[in-house]
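Undergrad: structure of the sequence below:
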Amino acid sequence: MKHRYTINGMTCGGCASAVQEQLSKVEGVQQVEVSLEKAEAVISMGHHVPLRELRNALSDKYSISAKTEEVAQMDLPVQQSKWKQLKPLFLIFGYLFVAAFLLNYKNWSYSSAMLDFMGLFYVVFSFFKFLDLKGFPESFRMYDPLAKVVPLYGWIYPFLELALGLLFLMRFQIELALIVTVVILGITTFGVTKSLLDKKSIRCACLGTALNLPMTEATFIENAIMLVMALIMLF
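TA: Just a heads-up that it's a prediction; the model follows:
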């Protein structure tokens with residue numbers, strides 16, 4: 001069953017991620033979808049969970065109240081919903097591939113095109129994270145193992161991505177940038193894989209909190225593409 005609740009107290013993407021994480025820990029809750037824009041949460045339950053338990057799960061900053069209507073319209077095929085939500089991600093990837101091709105089509109070089117793609121990837125994706133620099137670490141630590149242990153890592157990650165992107169585009173310290181890419185994306189991919197296997201419903205922070213992207217197989221593929229490119233360039 002699914003129920004819609006009003007959430008008060010959310011001011012940024014980090015708040016939405018915090019509410020989602022806190023409500024997901026309640027026994028009986030199977031899935032939580034939080035919308036900052038609508039100030040609401042749609043909660044899937046294996047059995048009815050009393051409102052007081054949901055209130056107790058939230059920190060004092062937030063309040064939750066029930067809405068009367070059922071959300072039958074939310075019972076759409078999961079795959080259709082995910083594909084619709086992931087449209088911005090696929091559009092960005094398409095633009096990056098085209099840009100990398102156009103930069104190198106006159107004097108074609110696979111290695112040069114891959115470096116340009118990786119550089120543009122990091123620069124563009126870091127831009128979206130900078131849109132909500134306060135909210136990103138909360139979303140990121142929900143699935144990245146290192147960010148969970150070292151919260152500071154979530155704060156510096158957008159800057160790290162930007163630096164790596166510039167190194168690739170300027171062709172400076174490429175080997176170091178490739179090694180760092182393999183390490184940080186390897187860690188993140190491990191966390192993404194674990195979240196998918198555990199069937200956790202959490203927000204993907206790959207495009208920051210500006211866009212509400214679900215954690216799906218596409219997130220794994222996105223990281224895998226960058227990992228494969230980095231390994232090809234190294235070996």
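
Undergrad: gap between Gln31 and Gly14?
TA: From Gln31 over to Gly14 the distance is 20 Å, taken as C-beta to C-beta, to the nearest Å. (C-beta placed from N, C-alpha, C; glycine too.)

Undergrad: check for me that Ile43 belongs to a helix.
TA: No. Ile43: not assigned to a helix; according to DSSP: H, G, I helix; E, B strand; the rest coil it is strand.

Undergrad: identify the residues contacting Phe121.
TA: Residues in contact with Phe121 (C-beta atoms under 8 Å, 6 or more residues apart in numbering) are 96, 165, 226.

Undergrad: what helix or strand is Val32 on?
TA: Using DSSP states H and E, Val32 maps to strand 29-35.

Undergrad: how far does stretch 118-138 sit from its chain's centre?
TA: From the chain centre to the centre of stretch 118-138 is a distance of 10 Å (C-alpha atoms, centre = their mean, to the nearest Å).

Undergrad: buried stuff in it?
TA: 118-129, 132, 135-138 (16 or more other C-beta atoms under 10 Å).

Undergrad: can you name the element that comes right after the helix or strand of the chain with the lowest mean pLDDT?
TA: In the chain, no helix or strand scores lower on mean pLDDT, DSSP states H and E than helix 78-85, which sits at a mean of 58. Stepping forward along the backbone from helix 78-85, the first helix or strand reached (DSSP H and E) is helix 87-104.

Undergrad: buried residues, that next one. List them.
TA: Under the neighbour-count rule (16+ other C-beta under 10 Å), helix 87-104 has 89, 92-93, 96, 100, 103-104 buried.

Undergrad: quick one: which of those is nearest to Glu217?
TA: Leu89 (11.8 Å; C-beta to C-beta).

Undergrad: what's the spacing between Thr194 and Met142?
TA: Let me fix one detail, which is that residue 194 is Lys and not Thr. 11 Å.

Undergrad: the more surrounded of those two?
TA: Met142 (23 against 12; other C-beta atoms under 10 Å).

Undergrad: tell me what the helix or strand hosting Ala177 is packed against?
TA: Assessed by DSSP H and E, Ala177 sits inside helix 174-197. In terms of contacts (3 or more C-beta pairs under 8 Å, 6 or more residues apart in numbering; DSSP states H and E), helix 174-197 is packed against helix 145-149, helix 151-170, helix 217-234.

Undergrad: for Leu207, which of these is the nearest?
TA: Closest of the helices and strands packed on helix 174-197 to Leu207 is helix 217-234, at 9.9 Å (criterion: C-beta to C-beta).

Undergrad: same for that closest one, what does it pack against?
TA: Against helix 217-234 (3+ C-beta pairs under 8 Å, 6+ apart) you get helix 87-104, helix 110-130, helix 174-197.
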